[in-house]
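[1] Based on what follows, work out the 3D shape:
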Amino acid sequence: MNAAEVRARFPDFDTSDVDRWIGVPTGGGRMKEPVTVTDVRRWVQGMQNPNPLHFRDDYAAASRFGKIVAPQSFAVCASDSHGAGPAIQGRIPGTHMLFGGDEWWFTGPRIEPGDRISLERVLHDYKVTETKFAGPTMFSRGDTTYLRQDGVALCRQRSTSIRYLAEEARRRAVFADAPEPAWSADELAEIERAKHAWYRSFLDLGHAPRSGVEVGEPLPARPIGPHTIASFTSEWRAFPMSVWGAFGDDGGRSSLYQAGWLPEMSRDLEAAATLDPTLGDGLYHGPSRGHVQAEYARRIGMPRGYGYGASMGAWILDWLANWVGEHGSVLHSDMKYRAPALTGDVAWLNGTVRDLVDGRRVAVVDAVMTNQRGDVLAQGAAELRLSGD
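    You can find the predicted model right below:
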């Protein structure tokens, strides 16, 4: 799609500045220092992923890796924009952005403490369509390739960015009838029991390979929540990009911070560099403040605090990887994000083995994430290697 085609259907939605970025390598931030074991531990803690392979020295020493390694989901936090930066190029005034999905291809080894990660980024394509949420809405896709210090490509992420007119989303208030639930003590206890059952599912597997998998086999359910402002803040602080001074600019061109954000959802990078670093933080000030500040959530069409698409993707990758175990891995995952995870809600992950391919060495899994009302938050499929290097 191009700007002329968009103007013909949606005269008030101008994507002409986006067109000049398609296929053009873009820049952005990168981690200044090598990955540390504390980065890995902080990440799994923020994502509520208690797999001891990623934080306990004694357990990891007995694994096939012989040491702590990062989960496959860790790649997304090696980016300064959750990997969405290349999908948010070009200025469209008055817009905001939500995550629409992530497709991952994992082709290299695990990220380990000591690795230096660099990024290659490019806007892939976009389309504009009418949505119930905000009227004319752009779905743009951008690719981020994550590279190790020796040039080995670890994985590639194709992130879908949903860019829309914030004023129109605010007027339509599609999610306004989603009240924050009140959970009883018994209900909360049952959620905790389900969490512990999920934990046991991979702790019981331990260092063994996943075997005996059959078509139609369900994966253990994973509940996440109830979500709170505290849990969303903990997730944000698990991203190294949120640490003052941890990322440096790689020198490439990017329009990420001039994408047309509302003034109250924009960073003041000059003042952040010379006076107050919170002004460039993104959460205190900037496009992510709606996640934890209800006033700003309402300004961009959300009823209250809501979760990060990058975290939603990490929840899914961790759930898949923990099921397949340390002898296997996620090869490919393609997940679409359909609705937000709001404060007070509980997200439930469920999945089924749809097929076994490549001599039964690869399981194809259908996955769905719903909330307590049955609303679909995310959905897609993944291919998982069951064992082998």
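[2] in the stretch 251-389 of the chain, which spans are strands?
    Along the stretch 251-389 of the chain, the stretches classed as strands by DSSP state E, counting those that start in this stretch are 329-337, 347-357, 362-371, 376-385.
[3] Can I get those strands in JSON lines including distance to residue 179, mean pLDDT and mean neighbour count?
    For glycine as for every other residue, the C-beta is placed from the backbone atoms N, C-alpha and C. JSON lines is the format used below for the strands of the stretch 251-389 of the chain (distance: least, Cβ to Cβ, whole Å; pLDDT from 0 to 100; neighbours: other Cβ atoms under 10 Å):
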{"stretch": "strand 329-337", "distance to residue 179": "22", "mean pLDDT": "98", "mean neighbour count": "20"}
{"stretch": "strand 347-357", "distance to residue 179": "17", "mean pLDDT": "98", "mean neighbour count": "17"}
{"stretch": "strand 362-371", "distance to residue 179": "12", "mean pLDDT": "98", "mean neighbour count": "20"}
{"stretch": "strand 376-385", "distance to residue 179": "17", "mean pLDDT": "98", "mean neighbour count": "20"}
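[4] Turn these into JSON lines, including distance to residue 219.
    What follows is these, written out as JSON lines (distance: least, Cβ to Cβ, whole Å):
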{"stretch": "strand 329-337", "distance to residue 219": "13"}
{"stretch": "strand 347-357", "distance to residue 219": "4"}
{"stretch": "strand 362-371", "distance to residue 219": "7"}
{"stretch": "strand 376-385", "distance to residue 219": "10"}
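[5] Contact partners for residue 59?
    52, 53 (Cβ atoms under 8 Å, 6 or more residues apart in numbering).
[6] how much space between it and residue 350?
    Between residue 59 and residue 350 the computed distance is 27 Å (Cβ to Cβ, to the nearest Å).
[7] swap in residue 175?
    Taken as Cβ to Cβ, the span from residue 175 to residue 350 is 23 Å.
[8] again with residue 316
    Distance, residue 316 to residue 350, by Cβ to Cβ: 11 Å.
[9] Now do the shared contacts for the two.
    367, 369.
[10] Report pLDDT for the residue nearest to the spatial centre of the chain.
    By Cα atoms, centre = their mean, the chain has its centre lying nearest to residue 310, at 1.4 Å. Note on residue 310: pLDDT of 95.
[11] Surely it and residue 78 touch.
    No. Contact status for residue 310 versus residue 78: not in contact, 11.5 Å apart, counting by Cβ atoms under 8 Å.
[12] From residue 291, how far off is residue 38?
    In this view, residue 38 and residue 291 are 24 Å apart by Cβ to Cβ.
[13] quick one, which of these two is more surrounded?
    Counting neighbours by other Cβ atoms under 10 Å for residue 38 and for residue 291 shows that residue 291 has the greater number, 23 against 11.
[14] Contact partners for the more buried one?
    Residue 291 touches 232, 236, 283, 297, 305, 306, 307, 308, counting by Cβ under 8 Å, 6+ apart.
[15] what angle separates the longest helix seen in the chain from strand 347-357?
    Scanning the chain for the helix with the most residues, using DSSP state H, yields helix 185-205. Between the axis of helix 185-205 and that of strand 347-357 there is an angle of 30 degrees, by axes from the mean of the first three to the mean of the last three Cα atoms, to 10 degrees.
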